[in-house]
Every structure is written in structure tokens, then in C-alpha cells.
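Participant: structure of the sequence below:
(one chain, ligands or ions: 1)
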Amino acid sequence: MPRTLEGQITMEKTPSYFVTKEAPRRIYNMSRDTKLIVVVRNPVTRAISDYTQTLSKNPSIPSFQALAFKNLSTGLIDTSWSAVRIGIYAKHLDNWLQYFPLSKFLFVSGERLVSDPAGEMGRVQDFLGLQRVVTDKHFYFNETKGFPCLKKPEGGSKPRCLGKSKGRPHPKIDGQVVQRLREFYRPFNMKFYQMTGQDFGWD
Ligand SMILES: Nc1ncnc2c1ncn2[C@@H]1O[C@H](COP(=O)(O)OS(=O)(=O)O)[C@@H](OP(=O)(O)O)[C@H]1O
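Facilitator: Numbering: from 1, shown residues only. Model (predicted):
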């Protein structure tokens, strides 16, 4: 990490830290004052999004359901598949709470980041002790992209949406497969709501 002067905030974004066993200890040993921001979305949609990403790089991978189930007829989920495992948020958070108190965390709703980006960004700015500089005025809904985009990014004059790999259409997954995954995640989601004191409304 670079040196940070008074009045500066250094930020780093690595999604995989949240699910990496050694990360909390290492970050705690680097700086126990670190603030932690975790963006979470419905773990079922997250798993499908993850699969979509892998599929785009390698179109010959097995079907979603072939990877998600150990046994399709008994409905046994394969928790060793990373797309499934990452969505067990309560388990990962438990590991972090061995080092950091809950007050060091901000949990951002991935769903609200799309439906109300300025609102979620407001929470981020408050959490970091920043003035609310990013507001409603900075976003517009781009009908073609189907997502909010920035009206005028920092240092640029043209509107800017996130890249092609963000907000891709997902393949259609069988309703029963989705239902079984919902059931699988429900207790972990409940635990996560309880741990964070936030109901993300996934159930
Ligand atoms: N404004 C805006 N524009 C486009 N996409 C948006 C936006 N806000 C949130 N999202 C959602 O971000 C998802 C991709 O983010 P990731 O967390 O997968 O990105 S990363 O690769 O881990 O950095 C991506 O997931 P997919 O829809 O599965 O592609 C989006 O749903």
C-alpha cells in the first residue's frame, strides 16, 4: 500500500479478499484502523453472474446446474464450487469478525447500488467521513445499458457507463435449480442479516 498523508484516504479493491482465509489477519497486522466495505448481492444471482463471467471466457464449460449440484436428483449442492461458496456470506464474515469489529464494516447492497446508486454512495461517503460530493446529480439511467451511468466522470466531459463485462445478460437457469439454491442460501442469508443488523431482502 502507498504511504498516506494526513487528509488522504488510500483505497484498495480486491473482491477475493472477503473470501480469503488469511486476508483478515494480514490486513489487521498491516493496519487495524482499516475500514472495510463489502458489496453483497443476492447470492443466487451472484452465483449466476459468476458463472456468466466464466462462461464468457470459456464457452465449453459444463452447464450451471452440472456445476452447482453434487447430485442433481437429491438436490445436494456442491459447496466446493467457488460460485456457490462465495455467496455463503455469513461464513466469510465470521472469519473477518475474529479480527475486526462490526463497526469497521460497511455493507453495501448490490441491488440498491443499481436501483439507487446515489443513496448507496451517500452511505459510503458517510462511512468514510467524507462530504457527500457524489449525489443524484452525478447519475442517469442509461436505457441501452439498462443500468445507471455517470453523467460526467472525473476528468472527462462525456457520460460514462461501466464496461461490457458489467451488467451482462445472464443465461436462463431452470426455475427448480434457482429454487433449490434459494433454499440452500436462506439460513446463511438469515445469519448474515442477523450478524450485520441489515435485511438485504433476498428471501
Ligand atoms: N451501474 C452499473 N453498471 C453495470 N453493472 C452494474 C452497475 N451497478 C452494479 N452493477 C453490477 O455489477 C456487476 C459486476 O460487478 P462485479 O462485482 O462482478 O465486478 S468485479 O469483476 O468483481 O469487479 C454486474 O453483474 P452482472 O449483471 O452479472 O454482469 C452488475 O449487475
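Participant: every contact and neighbour count from this point should use C-alpha atoms.
Facilitator: Noted.
Participant: worst-scoring helix or strand of the protein, pLDDT-wise?
Facilitator: The weakest-scoring helix or strand in the chain, judged by mean pLDDT, DSSP states H and E, is strand 69-71 (a mean of 93).
Participant: partners of that strand, with directions?
Facilitator: The pairing partners recorded for strand 69-71 under DSSP bridges are strand 76-77 (antiparallel).
Participant: which parts of the least confident helix or strand of the chain are buried?
Facilitator: Neighbour counts over strand 69-71 (16 or more other Cα atoms under 10 Å) mark 69-70 as buried.
Participant: what's in contact with that strand?
Facilitator: 75-78 (Cα atoms under 8 Å, 6 or more residues apart in numbering).
Participant: list the buried ones in stretch 87-96?
Facilitator: For stretch 87-96, by 16+ other Cα under 10 Å, it's 87-90, 92-93, 95-96.
Participant: oh, that last question was meant for stretch 7-19, not what I typed.
Facilitator: If you call a residue buried by 16+ other Cα under 10 Å, then stretch 7-19 has these buried ones: 18-19.
Participant: please apply the same query to stretch 96-116.
Facilitator: Those buried within stretch 96-116 under the rule 16+ other Cα under 10 Å are 96, 100, 105-111, 113, 116.
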